[in-house]
Structure formats: C-alpha cells, structure tokens
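K.L.:
got a sequence here, can you build the structure:
(chains A and B)
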Protein chains: 2
Amino acid sequence: MQDVYISGVGMSKFGRRKETLVDLMVESARKALEDAGREKVDAIYVGTMNPEEFASESNIASVVADRLGLVPVPATRIETASSSGAAAFDEAIYAAASGYFKSVLAIAGEKMTGVSTGRASKILAEVIAPEERKYGATMPALAAMITRKYMKEYGMKEEDYAEVAVKNHKNAALSPYAHFNKEITVEDVLKSKVIADPLRLYDCSPISDGAASMVVTSEQSEVKLKGLGQGSDHIPLTKRESFTTFKSTKIAAEKAYKMAGIGPKDISFAELHDAFTPFEIIGSEDVGLFEPGMGWIALKEGITSKNGRLPINPSGGLKARGHPVGASGLAQIVEAVWQLRGQAEDRQLDGNLKYALTQSIGGLATNNMVIILEAV
Amino acid sequence: MQDVYISGVGMSKFGRRKETLVDLMVESARKALEDAGREKVDAIYVGTMNPEEFASESNIASVVADRLGLVPVPATRIETASSSGAAAFDEAIYAAASGYFKSVLAIAGEKMTGVSTGRASKILAEVIAPEERKYGATMPALAAMITRKYMKEYGMKEEDYAEVAVKNHKNAALSPYAHFNKEITVEDVLKSKVIADPLRLYDCSPISDGAASMVVTSEQSEVKLKGLGQGSDHIPLTKRESFTTFKSTKIAAEKAYKMAGIGPKDISFAELHDAFTPFEIIGSEDVGLFEPGMGWIALKEGITSKNGRLPINPSGGLKARGHPVGASGLAQIVEAVWQLRGQAEDRQLDGNLKYALTQSIGGLATNNMVIILEAV
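P.N.:
Below is the predicted model:
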C-alpha cells in the first residue's frame, strides 16, 4: 500500500455541548484544515454512529460538506457503531492510498446529550444481539459480566481497575478538550453508585458530545500511517470464544503489526477504548502490550501512567475525555498525532515517541480497529 | 489507480418482502459469492441509508458479517442517503485499489415496508434542508417543483414523461427481480392519483424492500471498473444554481468520464436514478447522453427503449424494479454487469455492449455517483 500521512488534526472540546452535531463537526474540521494549511480537500469521510436517532440528522455527509463550504466535494458517511471514528480514518486511508484522491478529510462526531440518558442508553443497547437484549441486557450489564469473569480468572479486584479511572481523570485534568477536568481517587470510584454490579458510575465513560477531524494525504508529513487492522466478532456474547479477551481486537492488532513490521515492544504509548474501565486493561493485553492477566498489574505498578514506561490514554481516554461514540476512534488518533509531534501541551509525554497505537471498539467488541502511527 | 474488476454479483427479488433487511442482504451476498466462486473475502462494505429507523437495525455491518459466517472479516457500513449502494461500491473499489484488500464484498439494501408509508415518507423527508422541510416540503413536492420548471423551460408535457414509467414497467415485466411485473400505458399513468402536482402515483418509485451484492477484486475478470465520480451539492434547493440539471451528477459524470478516458458517445446503455420519472430525463442529460432539454424527446423517439440506440434502465429502473433506497445504487451496477456479460436473460440488450454507465442520486441530488463499467 502506498504511504499515507497525517497532515492536520483538530478537535472540539468534548462534554455537554450546546451546539449541534454538525456545528461540532465543522468546528473540528476547520481546525484540522487550518492545521494542514489547506482550504480544500478531494474527499470527506464522516464517521458517526447514529446521528439519525441521537440528533435527528440524516444525510449527514452532504450536510457537513455543505456547511464546510466544500460542495461539490465527494462526502461519504462511515459507521461501525462505537468505532465509527476509526472506521472513517481507515476509509480515508484506503481512499488516499488508492491514488484516486490526494487529500482526504476524515471527520467524526456524535451529539448524545440532546436526548435523555435513558433514551441514549436504549440507542446504545441496539448494538446488542436481539436474543440477549430481550432479557434486558444493556451495555453496562454485559461489560459487568465480562469484568466479573476477568476478576475471577486473574484475581483483579474493584479497587484495582478503579485505578484506570483515577489515572485517566488525572490525565484529562490537563486537557482543554476533555469532558472532565477533575481528578478523582480510588475511594471516589468505590463510593460512586453501582451501574451494573461490579461496575460503578466512575467505571463507565460518560455520555458526551464532541467531534474530531484529520486531513490525510499522500504527501509526506510528520506523522505517517504505519499499520492498520480491523476485525469483527459474533454479535451474541454466548457465541464468543472468550470473555476475558476480545478476538476482534487481537485480529485487528495482528494485522496492524504485520503491516507495520513492528511488534508491541516498539510502541511508545497507546490510546485504548476504555468505555468501561476494565476494557482498558483487556485492551492493553489484546494489543499485546502486556501478557493476559497482567494488564491490571502493569496499571497498579504505574507503568501505564503519564510518567510510566508505557503510557495509556494520555488524553484521559473515553472515561475522562468523554465518549461521544462516533467521535472517540478518531479522537484517539488526533491525540496520538499531537503526542508524536510534541504538541500535547500539558499532557505531553516524555521521551522519544516513535510509534503510537490506538484501539477502538465497535459495539460490544464486534468491530474493532487498531491503528499504528509513526513519527517520521 | 490500480485496475479493479467485478467478479461476482447477486440480487434479491425487490418488492414487499416478508424477510428482514439482514435476510435480504445475506440472500444477495450469498449469490454474489457463489457467482464469484469464492467463500471468503478480505472485507465487507454494507451500504444502507437508514436501517436504524426503517428496520430497527443497528451495528449492521457486524451483524451482516456474523450472519454470513465471515467473522472476523472487517465490515464497514457506508451511507450517502439514497445513493448508499453506489457509495458502498465506491468504497469497495478504493479498498481493493489501495492494495490493502484483494477481494471485497459490497452489499447494499433497505427494508422499507416494515413501517407505514407515512412513516417511510417522513424518514425519507429527513434529507431535506430543515429550512425547507419546515414548510411541509416532501421529496415528491420538491421533485414536482423541479418537474414544473423543466416543463416550462423545455416544453415537456405530462404525457411525455409518462413514457418513462411505461418504458420502465415494460422492461421490469421481463425481470424476476423487479417489484412490478405489469406493463402500463400512458393513460394508466395520467389516470393515476396526483401525489404532488404534476407528479402522479406512476411517476414515483415505490417503497420497496431488497438488496444487491457484488464481489470486487484486483484479479482480472469479465467486467472492469472503468471510471467513477462523486459530487455533492447544497442541501437547500434555494441555493442551487439550476432546477433543471443536477450539478452533483454533472460533476460526478465529468470525473467518471475523465478517469475512463471515454465520453458519453461511447456508452452502450445506462441505469439512471428515476426515483421520479422526470429525473431519468434530467439524469440522461446530466451524464451527457443527450443535450439539455433533449432527454424527453429521445425518450419519445424510442431511443432509450430496450431496442433503441441507447437503452436506459433495462432493469426497469427505480420506478419498476423498485427503490429500496440504500440498495438501488448497487442494484444498478449489478444489472450493468449482467448486461455486459450477456446474462440478463429476457432483458438482455442487443448488440455489442462495451461500456455501461450508472448514475445514483443521494438525497435530493446532494450526493450523486456516476460509475462506468467496461466489458473486457
């Protein structure tokens, strides 16, 4: 595949925003275009999970192209549930690598707070297999089952994975883009209300609004796409081979490493999909950064902290940067670019950052992406 | 761009189907895989406009991959309103041309009859600009305005464009895939009830269920992608430069011809987006097959009939094959492949078919695609 580079990135502040979904997408896209030093692109990809039901927006790709003043540019909407932002990035990469387009703008966003929390939870639960949903299964309920299984298998306790929330809130406190800017303690997590036993409020990413954007081109720039991979899995949890690992992430990671020609040992830092805090731990194992059952120990030892050997979610992650579902996969990549360029301001990681890895989960790990970027 | 070929196609019967959207997609995909002589592909693209609201289906790409038994294949949903099927094809092409994937399965479908006609019309109207929708504008109402303008500018009468419906019903009567298999007369059209003056029931494509699929590969096969183009336009009609031509089609056609290195004179036949019968006429002019204002005259002269010099919509078009919105753009390409291969059975066109052109309209012509295929 032809080399593709990232030449501009932009992000809206995540959180409870008054603006519309299109406003947020346009805000982030204008920043990315400015960062890339260009006014036009050859194509636009818009990643968003469910703007129809969350935000009463249809035909979103055309709407965004029009609002950006980029008509008659080709504009296409991409969706893979909660990994839609990463999927939009992948399509932008293929489109640029095909040679048909030279510069492509990937935009990803979601506006979730326009509906009630109950309604938002119901929309999110639509990704669950109907045969499991009919028993009242929700995303937190299934994530709780997965958490229980991991706890039993590897001896992890509630206070252990609570450290994910503590770490990610600490990182997000340094970010002007994050939904939450307040640090929390393990005690705060353990005192927060139970959402789906054993998961508590602070173990769950918030319902957020936000958007992220990126310009990719075939012209050389500071950050290069090194590898990417995508994997799907059976929708019902009952059909999965394992509860303590997501096969779709493992497949995606294998492909990404193979394309990159590097291994987990080469990764400088990662942005992982911590929609529920234990998912960051599982993700860190699935992408090979730690052995199975060792992710929570690495966390406890501070290895994944901002100043650790292998920082995870310096952005604050989905947990604390916020999780406007369709936006998150691309927001991870934007953070990775900022870090690799040394432009992450107060969040900037130390050391010589060479390779960044991002991992995004679609649905309940039915459509996951892994992306590896290189500072060149 | 690297050459890409179409190695297998399949389609479900269009119409009022009892099956679910996923059933229809799987039915057409299995046929395409069988036609391509393969059981697996490297990636799946699923084009569909609004399965969330039409069919209560979310996370559709993963669901289809799972139902097809193709997990852990990468699977991504593509949407550009009513041209989503053509958009899924385009993404399959870029993905294959990038070199990252060798074989890609494009699937497109919609299940519209699961909701009431009133509800379906409301979902379709969501693509209209809010500032025009608030005055009660519907798709037929805006199409009627466009029709009036064309009639005034070029002297076309109701009985003239009624011939589109007559021709397309005649073609569809020969198709086992079509929603309608009955021939109609100009009198039938003119006697049918007014939907939005001057458009009558038989001037509007029906609300249908159906799916189409296609395998594209970098390996040589009988039909080759020769050119493709996509163009967007302003959402509000009030911002358009013209009512009697769709700029997004013209832009898309220009790009497709440029890539193909051929012109309108080289086209053997076309599948055009006749969601409303006058749109076939406008489309035939926009893609350069006829001069502005001459499309309806060519129709009257029988040039676009099955046995004419330049057949349009041998499949029966959206009007009579049916218009499950997300499916139509890919169904057009499936028909083009069958015709180019000489496998269109009773619908087979005479003569040496070399180049086929398809044109798909997204929304009210805000996101249009033109695709040119070659028999090699």
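
K.L.:
number of residues surrounding A:Val186?
P.N.:
Residues contacting A:Val186 under the criterion other CB atoms under 10 Å in any protein chain shown number 16. The way it works is simple: take the backbone N, C-alpha and C, and place the C-beta from them, glycine included.

K.L.:
show me what contacts the nearest residue to it once chain neighbours are set aside?
P.N.:
Counting by CB to CB, 6 or more residues apart in numbering or on different chains, A:Val186 lies nearest to A:Ala162, which is 4.6 Å off, once chain neighbours are set aside. Going by CB atoms under 8 Å, 6 or more residues apart in numbering or on different chains, A:Ala162 touches A:186, A:189-190, A:202-203, A:277.

K.L.:
and A:Ala86, what are its phi and psi?
P.N.:
Here is the backbone geometry of A:Ala86 (degrees, to the nearest 10): phi -70, psi -40.

K.L.:
could you find the closest non-adjacent residue to it?
P.N.:
Ranked by CB to CB, 6+ apart and with sequence neighbours excluded, the top spatial neighbour of A:Ala86 is A:Gly329, at 3.0 Å.

K.L.:
and the gap between the one you found and A:Gly288?
P.N.:
Distance of A:Gly329 to A:Gly288, computed by CB to CB, to the nearest Å: 19 Å.

K.L.:
can you count the residues close to A:Gly155?
P.N.:
11.

K.L.:
pick out the residue closest to the middle of chain A.
P.N.:
A:Gly329 (3.2 Å; CA atoms, centre = their mean).

K.L.:
quick one: that one and A:Ser360 touch, right?
P.N.:
Yes - if you go by CB atoms under 8 Å, A:Gly329 and A:Ser360 touch, sitting 3.6 Å apart.

K.L.:
joint contacts of the two?
P.N.:
With contacts taken as CB under 8 Å, 6+ apart, A:Gly329 and A:Ser360 have A:82-83, A:85-86, A:273, A:369 as neighbours in common.

K.L.:
in a helix, the residue nearest to the centre of chain A, correct?
P.N.:
Yes - judged by DSSP: H, G, I helix; E, B strand; the rest coil, A:Gly329 forms part of a helix.

K.L.:
identify the residues contacting it.
P.N.:
A:47, A:82-89, A:108, A:273, A:358, A:360, A:369.

K.L.:
and which of the residues you listed is nearest B:Pro176?
P.N.:
Proximity of the contacts of A:Gly329 to B:Pro176 (CB to CB) peaks at A:Ala87, which lies at 35.4 Å.

K.L.:
mind checking which helix or strand the closest one is in?
P.N.:
Using DSSP states H and E, A:Ala87 falls within helix A:84-97.

K.L.:
show me what the helix or strand just after that helix is packed up against.
P.N.:
In the C-terminal direction, the helix or strand that comes right after helix A:84-97 (DSSP H and E) is strand A:103-111. Counting contacts by 3 or more CB pairs under 8 Å, 6 or more residues apart in numbering or on different chains; DSSP states H and E, strand A:103-111 is packed against helix A:21-36, strand A:43-47, helix A:51-55, helix A:84-97, strand A:209-217, helix A:325-341.

K.L.:
one step back: how big is the angle separating the helix holding A:Ala87 from strand A:43-47?
P.N.:
Angle of helix A:84-97 versus strand A:43-47, following axes from the mean of the first three to the mean of the last three CA atoms, to 10 degrees, is 160 degrees.

K.L.:
how about helix A:84-97 as CSV, C-alpha atoms only?
P.N.:
C-alpha atoms of helix A:84-97 as CSV (Å, rounded to 0.1, in the frame of the first residue of the first chain):
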residue,chain,number,x,y,z
SER,A,84,-17.1,4.7,13.6
GLY,A,85,-14.4,7.4,14.0
ALA,A,86,-11.6,4.8,13.5
ALA,A,87,-13.5,3.4,10.5
ALA,A,88,-13.7,6.9,8.9
PHE,A,89,-10.0,7.1,9.3
ASP,A,90,-9.5,3.7,7.7
GLU,A,91,-11.6,4.7,4.7
ALA,A,92,-9.8,8.0,4.4
ILE,A,93,-6.5,6.0,4.3
TYR,A,94,-7.8,3.5,1.6
ALA,A,95,-9.1,6.4,-0.5
ALA,A,96,-5.8,8.2,-0.3
ALA,A,97,-3.8,5.0,-0.8
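
K.L.:
can you pull the residues of the stretch 151-300 of chain A lying near chain B?
P.N.:
Applying CB under 8 Å from any CB of the partner chain, we find that the stretch 151-300 of chain A lies next to chain B at A:228-235, A:247-248, A:251, A:259.

K.L.:
among these, which ones are in helices?
P.N.:
A:247-248, A:251, A:259 (DSSP state H).

K.L.:
which of these sits closest to chain B?
P.N.:
Chain B lies nearest to A:Ile251 out of these, by CB to the nearest CB, at 4.5 Å.

K.L.:
quick one, grab the pLDDT at that closest one.
P.N.:
On the pLDDT scale, A:Ile251 is placed at 98.

K.L.:
skipping adjacent residues, who's closest to it in space?
P.N.:
Nearest non-adjacent residue to A:Ile251, counting by CB to CB, 6+ apart: A:Gly231, 3.0 Å away.
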